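**Q** output the structure for:
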Amino acid sequence: MASFSRKEMVKILILLSVTVATVLALRTAIVKATGVSSPIVVVKGTSMLPTLYYGDLVIVHKVPPDKIHVGDIIVYKSEYHGELVIHRVIKIVKGPQCKPLCYVTKGDNNLVSDAGFLEPTYGISYDKVIGVVYSINIKVGEIEVKAPLRIPYLGLLVLLIR
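**A** The predicted structure is shown next:
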């Protein structure tokens, strides 16, 4: 086993301290910028294929209820299963149970919406939405497409550690 001199140990501790401080500062900056306490979410499952894959990391941000549109991908906690769900908004509704709006969602790889299965039949109330998956506009030929910003595979490490 290698032994380190006192000077080498001090360098290692300084480097480790700077790394930890940088990571914490970056996390704090992301939390402030997104308005979400846990802005990085790991995709689990295959319901959003081919858009999102198992193990992808996505960044979510909080937006006002009227800034969520059909086609956006949101993250919410399922009232029926208690787990986080990352699905696309397919319909927006108003109603007495909606505070102030509700969003009916569906996985891109699913045949039917989440209504009645992962969420109430009227949809997810805005107050239950954790955030919207951050997307970027990319040009495919002459067409501009809105694509979720994802970091492939990195979430697999998180899932392995859990």
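
**Q** domain assignment for the protein?
**A** 1-34, 40-161 (automatic domain parsing).

**Q** now do the longest one: distance from first to last residue.
**A** So that's domain 40-161. Domain 40-161 has an end-to-end distance of 16 Å (criterion: CA to CA, to the nearest Å).

**Q** give the rounded mean pLDDT of that domain.
**A** In this model, domain 40-161 has a mean pLDDT of 92.

**Q** now the longest strand anywhere in the chain: buried residues?
**A** Counting by DSSP state E, the longest strand found in the chain is strand 84-93. Using 16 or more other CB atoms under 10 Å as the test for burial, strand 84-93 gives 84-89, 92. Using the backbone N, CA and C atoms, a C-beta is placed for each residue, glycine as well.

**Q** please, where are all the strands along this protein?
**A** Under DSSP E, the chain gives strands at 40-42, 57-61, 73-77, 84-93, 102-106, 124-125, 129-133, 135-140, 143-148, 150-151.

**Q** got TSV for the ones you listed, with distance to residue 115 too?
**A** Shown next, in TSV, are the strands of the chain (distance: least, CB to CB, whole Å):
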stretch	distance to residue 115
strand 40-42	22
strand 57-61	22
strand 73-77	13
strand 84-93	9
strand 102-106	5
strand 124-125	9
strand 129-133	15
strand 135-140	23
strand 143-148	22
strand 150-151	26
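
**Q** ok, residue 29 - contacts?
**A** By CB atoms under 8 Å, 6 or more residues apart in numbering, the contact set of residue 29 is empty.

**Q** per-residue confidence at it?
**A** Taking residue 29 on its own, its pLDDT is 78.

**Q** next one: the one 4 residues further on
**A** Each residue has a pLDDT score; the one for residue 33 is 74.

**Q** hmm, back to that, and among the domains of the chain, the most buried is which?
**A** domain 40-161 (a mean of 16; mean count of other CB atoms under 10 Å).

**Q** residues in contact with stretch 78-92?
**A** Stretch 78-92 is contacted by residues 41, 43, 47-48, 51-52, 58, 68-77, 101-108, 110, 113-114, 117-120, 123, 128, 130, 133 when judged by CB under 8 Å, 6+ apart.
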